[in-house]
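Novice: Got a predicted model here, sequence first, then my questions.
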Amino acid sequence: EPEVTQTPSHQVTQMGQEVILRCVPISNHLYFYWYRQILGQKVEFLVSFYNNEISEKSEIFDDQFSVERPDGSNFTLKIRSTKLEDSAMYFCATDYRGTGELFFGEGSRLTVL
Amino acid sequence: GENVEQHPSTLSVQEGDSAVIKCTYSDSASNYFPWYKQELGKRPQLIIDIRSNVGEKKDQRIAVTLNKTAKHFSLHITETQPEDSAVYFCAAINSWGNTPLVFGKGTRLSVIA
């Protein structure tokens, strides 16, 4: 069964450092998302991406965040200058038709010290 | 935007008993309602979903009901087993709008053997 893959599985970084989280979507899926889950809390929407541009973003997705699909396969989330409160599990999810039937990756756990 | 409320936040049941988790949503245009199960440290996994043209859907021991008028939907797990212990999230989306899937805060279900 095709899967969404994410790397790294865990990253530890110092506050103020840049972090890039990578996702390989399921090959025929057209809609890509990043969600965040702070430990013990709900899954929060960050950003959606379709046709090589952001289609929607949440209040969490401020100027410190960016997304891109640099090579037609990877879908990346960049945090320019990490803060302690960015520590969370970041999930990439993809959707074939944009109908909400999301397939989640295993997640990337970010720890900011 | 959509707002999803979920209750209870924690639920303990004896093995073999039934568990019910309830969610309400705010956007009457929402038409797709998935339920996700998340085990500790793992990704959310879709376990059942329902669309707004259906009032009830069942898959073995799990079922979901939807009341569009009241804007609430529920997950029912019968004959609970210890492996049902996890956090369950409801979610809602208007699949025809350019809006993301919005999650409830989750219910931690503990099935006591």
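Specialist: Right, received. Where do you want to start?
Novice: interface residues of chain B facing chain A?
Specialist: When proximity is defined by CB under 8 Å from any CB of the partner chain, chain B lies next to chain A at B:32, B:34, B:36, B:42-46, B:49, B:89, B:91, B:93, B:95, B:98-106. Where you see a C-beta, it was placed from the backbone N, CA and C, and this is true even at glycine.
Novice: Apply 10 Å and report the result again.
Specialist: By CB under 10 Å from any CB of the partner chain, the part of chain B that sits against chain A consists of B:1-2, B:4, B:6, B:30-34, B:36, B:38, B:41-46, B:49, B:51, B:87, B:89, B:91-106, B:108.
Novice: Which of those residues are buried? Put it as a PyMOL command.
Specialist: To isolate the buried members of the residues of chain B next to chain A in PyMOL, using 16 or more other CB atoms under 10 Å in any protein chain shown:
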select buried, chain B and resi 2+4+6+30+31+32+33+34+36+38+43+44+49+87+89+91+92+93+94+95+99+100+101+102+103+104+105+106
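Novice: so what's residue 103 up against?
Specialist: Answering for chain A, as no chain was given. A:1-4, A:25-26, A:29, A:92-96, B:43, B:45-46 (CB atoms under 10 Å, 6 or more residues apart in numbering or on different chains).
Novice: my bad, the chain I had in mind was chain B
Specialist: Here residue B:103 is in contact with A:35, A:37, A:42-45, B:2, B:4, B:6, B:23, B:34, B:36, B:44, B:89-92 (CB under 10 Å, 6+ apart).
Novice: does the residue most central in space within chain A sit in a helix, a strand or a coil?
Specialist: Against the mean C-alpha coordinate of chain A, by CA atoms, centre = their mean, the closest residue is residue A:34 at 3.3 Å. Assigned with DSSP: H, G, I helix; E, B strand; the rest coil, residue A:34 falls in the strand class.
Novice: Can you give me the distance of it to chain B?
Specialist: 10 Å (CB to the nearest CB, to the nearest Å).
Novice: got a pLDDT number for the residue lying closest to residue B:54 once chain neighbours are set aside?
Specialist: Nearest residue to residue B:54, sequence neighbours excluded (CB to CB, 6 or more residues apart in numbering or on different chains): residue B:66, at 6.9 Å. As predicted, residue B:66 sits at a pLDDT of 97.
Novice: Isn't the residue nearest to the centre of chain A up against residue A:89?
Specialist: No. The pair residue A:34 and residue A:89 does not pass the contact test of CB atoms under 10 Å, sitting 11.2 Å apart.
Novice: shared neighbours of these two, which are they?
Specialist: With CB under 10 Å, 6+ apart as the test, residue A:34 and residue A:89 both reach residue A:108.
Novice: returning to what we had before: which residues are in contact with the residue nearest to the centre of chain A?
Specialist: Contacts of residue A:34 by CB under 10 Å, 6+ apart are A:21, A:23, A:44-49, A:57-58, A:60-61, A:65, A:67, A:75-77, A:90-93, A:105, A:108.
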